[in-house]
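Colleague: just the structure for this:
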Amino acid sequence: MQDGAENEMQAARQQLVEAMADAASGETSAVKTIYDMTSAKLFGICLRICGDREAAEDVLQDVYVKVWRRASSFDPAKASPISWMAVIARNASIDWCRRETRHAGSSDDTLMMAIDDAPLADTRLEQVEMRARLIACLENLSADQSGAIRLAFLEGRTYQQLSQDQGTPVGTLKSWVRRGIAQLKACLGDD
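Modeller: Numbers count the residues shown, from 1 in each chain. The predicted structure follows:
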């Protein structure tokens, strides 16, 4: 089940990367694809910062003009497409707030307090994906390796505590953990 959801997310991300490349090469139909895939999230960002639905709609329109114009500067190796566009939406919304006369008395500190510090949805999604990958990789380890790694790293147990609890020599536990971490790195694709 997790593999299916992960595959869907990867496919959607790839479709968005391809649409950005198409937009960069001047294909106007790509902007519709980009809009369909991202408008709900970007509108939410604009609305949260602007605090006014009509203003958020205007800012969102400006965001897609900027995305269209700047599509050639998007680099999928540096950021996900939604993260890149979320930054544009955030900045455009803050610019709108600064221009508004009703916010003329507000300082930048007040505006910054209005911004939600919660991780963006794509950041949370990446964390969920990484957690699912880590759990799957842990399940591929031997029970001894997986148990020692979970207790040592997730519960903060020392090798000495594990040795006393399990009746296993400290050197053996260290070997299990070292080999298990090497296998985790290989499974996760980390160098």
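Colleague: state the distance from residue 125 to residue 139.
Modeller: 21 Å (C-beta to C-beta, to the nearest Å). Heads up, the C-betas are built off the backbone N, CA and C, glycines and all.
Colleague: neighbour-wise, which of those two wins?
Modeller: For residue 125 and residue 139, the more surrounded residue by other C-beta atoms under 10 Å is residue 125, and the numbers stand at 17 against 10.
Colleague: so what does residue 26 look like in phi/psi?
Modeller: Phi and psi for residue 26, reported as degrees, to the nearest 10, are phi 100, psi 10.
Colleague: and it, how far is that from residue 187?
Modeller: Distance from residue 26 to residue 187, counting by C-beta to C-beta: 42 Å.
Colleague: ok, these two, which is more surrounded?
Modeller: Remark: of residue 26 and residue 187, residue 187 carries more neighbours, 16 against 10, as counted by other C-beta under 10 Å.
Colleague: please name the residues that touch residue 50.
Modeller: Contact analysis of residue 50 by C-beta atoms under 8 Å, 6 or more residues apart in numbering lists 56, 59, 93, 96, 97.
Colleague: other SSEs contacting whichever strand or helix holds the last one?
Modeller: Assigned by DSSP states H and E, residue 97 belongs to helix 81-99. Secondary-structure packing of helix 81-99 (3 or more C-beta pairs under 8 Å, 6 or more residues apart in numbering; DSSP states H and E): helix 2-24, helix 28-50, helix 53-70, helix 108-114, helix 121-139.
Colleague: among these, which is nearest residue 157?
Modeller: Closest to residue 157 of these is helix 121-139 (C-beta to C-beta; 15.9 Å).
Colleague: which of the residues in the closest one are buried?
Modeller: Buried residues in helix 121-139, counted by 16 or more other C-beta atoms under 10 Å: 122, 125, 133, 137, 138.
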